[in-house]
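> Structure of the sequence below:
(2 chains, ligands or ions: 1)
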Amino acid sequence: MIKVKIYTIMELKKVCGQREFELSIPEGSTVRDLLSLMINQWGDQLSVRLYKPGSDSVLPHIRLMVNGRSIEFLKGMETVLQDGDEFSMLPLVAGG
Amino acid sequence: MYSGGYTGKILRVNLTDQTAKKEKLSSKIAKDFIGGAGFGVKFLFDEVKAGIDPLSPENKLIFAPGPFTGTPVPCTSRLTVTAKSPLTNLVGMGLSGGFFPAELKFAGYDILIIEGRAEKPTFITIKDGEVHFRDASKIWGTQTFDCQQIIKDTLSDQNFRISCIGPAGERLSRIACIMNERRAVGRKGLGAVMGSKNLKAIAVRGSGSLNISSQEKFKTARSQMLKAMKQSPVLYPEFSMTGTPTNVDNTCALGIFPAKNWSATGLFTPADQIGIEALQTRRIGKEPCYGCPVGCSQLRLARTGPYAGILTEGPEFETLYSLGGQTGVDDMDSIIAADRLCDELGLDSISAGVTVGFAMELFEKGILTLADTGGLKLNFGNHEAMNRLIRLIAFREGIGSVLSDGVKIASEKIGKGAERFAMHIKGLELPGYDVRGAKAHGLSYATSYTGADHNRGYAFQEIFGIPVPYPVDRLSIEGKGKLTKWNQDVRTATADCPTLCVFIFDMALAGTSLKNTASLMEAVTGIAFTPEEVARVGERVNNLARAFNVREGVTRADDRFPERLMTEPLKGGAAKGQLISEEDLKVMLDEYYTVRGWDLDTGIPSREKLVELGLEYVADQLGVK
Ligand code: SF4
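Modelled structure (predicted):
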């Protein structure tokens, strides 16, 4: 098993209960695997805030990152996670 | 010729000889520059000679709303104030909302130009066609909120809208702002320009209204805009209930919330203490700008300790950075108090906070001692010292006299290596994004015509992940020159010129903003625009502003970052290890100059580019071949 750090904000933080926490996942797990594991834990509350209704594509205003880089610039949902990686789930916020 | 939106009049007020003249706004200037930032830069370049002292009577203050201001286009009661900045000696521009911008239009003016210097403290009143110069000796010395109330009482009219300065502007602090109601024309020391003119306040009252060129086209264009706003995933209800502080949570997550004078970004991440959840416990209401259905501006009340009972509008994200992260302060109520204090005293809360954080680092490093600070223990996190120091800065007392002109001048006065800790670009203190982890945002700071300014080319692709015009990897330097040009030109043309609130641009209209502006321009003013022509206006304004700066001596060498950002990688958080090296900067600047059509060695716009933008006279003045 490897450990990854999860970082969430806004409504996703409310669902998960914490801003930052660790999860243990099997070695070789991808972002997709991690998300299914999290949805197993937090159920619909999490999936409706992450996915478009009735699909497994992520809502356009949710940014998923591994070590600070959006997964679309890595291998997307197939990005393989390493021990110690930080995985962030950031809904769009406003205002600068 | 325009047939709506514009009032058609420029009001030119000369404080030296106490005259007020009305001039006509030419339709060519309206088409070429739209309004707001465009008008500011155009009149500044044409009328303020190179090399003048920004605090001399030769400087001018140009107040410019846009053609949409005062019309039913939502979220457009905005104006720019432009002058030569005493902080940067370059184009100085601040933006603000509230009611003052719309009121100026109702009084009948597209532009208000203030010239000269009054012999003694003065305030002016503008009531439709009437302009009066009034003695301000009794209100000289008042803080900004009292000043506004006293003027309203004196005039026996509570409906005047007032822009004024506080004690900081009177003392010519180069980080002084102009306040209207609870809103600031914050940056670049424009409050000092007003103070140098002995002008305490401008009070405006208008009874006019604005024509709409084509009601039919307007109905369609406006409803398309409102639809886009409704479809935004964040404007309603979230942004309208929270305002900007959610960005503390976001930038902490991205590892780019700058901390402790940019030495601890990613390590000190006070999202739990001063992020949105904590702040909402202090929210008591809101105060929207004129004609805004969103109303992001929140009123918050400090509830604990010595600060209990202090009310502020905000604190906005930028203030939470400057008076929070930057100073290592995570006590929310002390930040509310410090924000209020900056507004009362008329200090730019960004520059003031960055200056306090700078002094704190110098104190921790032993460059400033207790003897220098008059016994103030300026350690990071000391919120009492922060509140005390803000007062000293505004009144130029004690250590405040050294710090009152911002970090660049202070570091030169202090010496002993203090320059290394002065976080500014071209003299303007850095805003709240550690750009080591957001490269295009950084390139925009380095190249913006006003110095380190988040408003000139905000890279919302990197900060918020909005994929317009395409998705962007915030940590890569690739393609950032082209993106920065897009961000600067499109934002200028569609937000800063017409003038539209930038939050609506970022959150609802970014993808359609050129089209939206073109249709609204045609409907409101009757001037036909294509989206390409709108973008051209943005490019024209950015080039003309660059030309102003070139005339003041700016070259490629000035387009750079403080050494810390180029040599010290981020020590923690989601952007750990990131910096913008000398080579990174070179690559990004080369690309940026190339797409801009500027000389690679000097950063000066080419004659070809200036001619293409209809700015041949500018090429002649600069002597570019
Ligand atoms: S969104 Fe906020 S800043 Fe923009 S116009 Fe509305 S209240 Fe003013």
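> Report the closest residue of the stretch 301-450 of chain B relative to chain A.
Going by C-beta to the nearest C-beta, chain A is nearest to B:Phe317 of the stretch 301-450 of chain B, at 5.8 Å. Where you see a C-beta, it was placed from the backbone N, CA and C, and this is true even at glycine.
> so which helix or strand takes in B:Val13?
Using DSSP states H and E, B:Val13 maps to strand B:9-14.
> Which elements pack onto that strand?
Here strand B:9-14 touches strand B:19-24, strand B:111-115, going by 3 or more C-beta pairs under 8 Å, 6 or more residues apart in numbering or on different chains; DSSP states H and E.
> Mind doing that once more with 10 Å?
strand B:19-24, helix B:36-47, strand B:61-64, strand B:111-115, strand B:122-127, strand B:130-135, strand B:199-205 (3 or more C-beta pairs under 10 Å, 6 or more residues apart in numbering or on different chains; DSSP states H and E).
> quick check: angle from it to strand B:199-205?
Relative orientation of strand B:9-14 and strand B:199-205, computed by axes from the mean of the first three to the mean of the last three C-alpha atoms, to 10 degrees: 150 degrees.
> ok, strand B:9-14: who's next to it in the sheet?
strand B:19-24 (antiparallel), strand B:111-115 (parallel) (DSSP bridges).
> got those strands as a markdown table, with distance to B:Asp153 and mean pLDDT columns?
Output for the strands paired with strand B:9-14, formatted as a markdown table (distance: least, C-beta to C-beta, whole Å; pLDDT from 0 to 100):
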| stretch | distance to B:Asp153 | mean pLDDT |
| --- | --- | --- |
| strand B:19-24 | 24 | 98 |
| strand B:111-115 | 24 | 98 |
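> Of all these, which one comes closest to the ligand?
strand B:111-115 (20.5 Å; C-beta to the nearest ligand atom).
> Go ahead and measure how far the closest one is from the middle of the chain.
Relative to its chain's centre, strand B:111-115 lies at 19 Å (C-alpha atoms, centre = their mean, to the nearest Å).
> quick one on the thing from earlier: highest mean neighbour count out of the strands paired with strand B:9-14?
Of all those, strand B:111-115 carries the top mean neighbour count, a mean of 24, counting by mean count of other C-beta atoms under 10 Å in any protein chain shown.
> what residues does chain A put near chain B?
Contact residues, chain A versus chain B (C-beta under 10 Å from any C-beta of the partner chain): A:5, A:7-11, A:13-14, A:19-20, A:59-70, A:72-74, A:86, A:88-96.
> Could you tell me how many residues sit around B:Gly381?
Neighbour count of B:Gly381, defined by other C-beta atoms under 10 Å in any protein chain shown: 14.
> and it, what is it in contact with?
B:260, B:268, B:327-331, B:360 (C-beta atoms under 10 Å, 6 or more residues apart in numbering or on different chains).
> Could you do B:Tyr593 as well?
Shown in contact with B:Tyr593 (C-beta under 10 Å, 6+ apart): B:447, B:481, B:485, B:556, B:559, B:599-606.
> As CSV, could you dump the C-alpha coordinates of stretch B:519-538?
Output in CSV follows, covering the C-alpha atoms of stretch B:519-538 (Å, rounded to 0.1, in the frame of the first residue of the first chain):
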residue,chain,number,x,y,z
SER,B,519,-22.8,43.7,-29.4
LEU,B,520,-23.3,45.9,-26.4
MET,B,521,-21.1,48.7,-27.9
GLU,B,522,-23.2,48.7,-31.0
ALA,B,523,-26.5,48.5,-29.1
VAL,B,524,-25.6,51.1,-26.4
THR,B,525,-23.5,53.6,-28.4
GLY,B,526,-24.4,52.9,-32.0
ILE,B,527,-20.8,52.5,-32.9
ALA,B,528,-20.3,49.2,-34.9
PHE,B,529,-17.7,46.9,-33.6
THR,B,530,-16.5,43.5,-34.6
PRO,B,531,-15.0,41.3,-31.8
GLU,B,532,-11.6,41.7,-33.6
GLU,B,533,-11.9,45.4,-33.4
VAL,B,534,-12.7,45.2,-29.7
ALA,B,535,-9.5,43.1,-29.1
ARG,B,536,-7.6,45.7,-31.2
VAL,B,537,-8.6,48.4,-28.7
GLY,B,538,-7.0,46.3,-25.9
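> Thanks a lot, catch you later.
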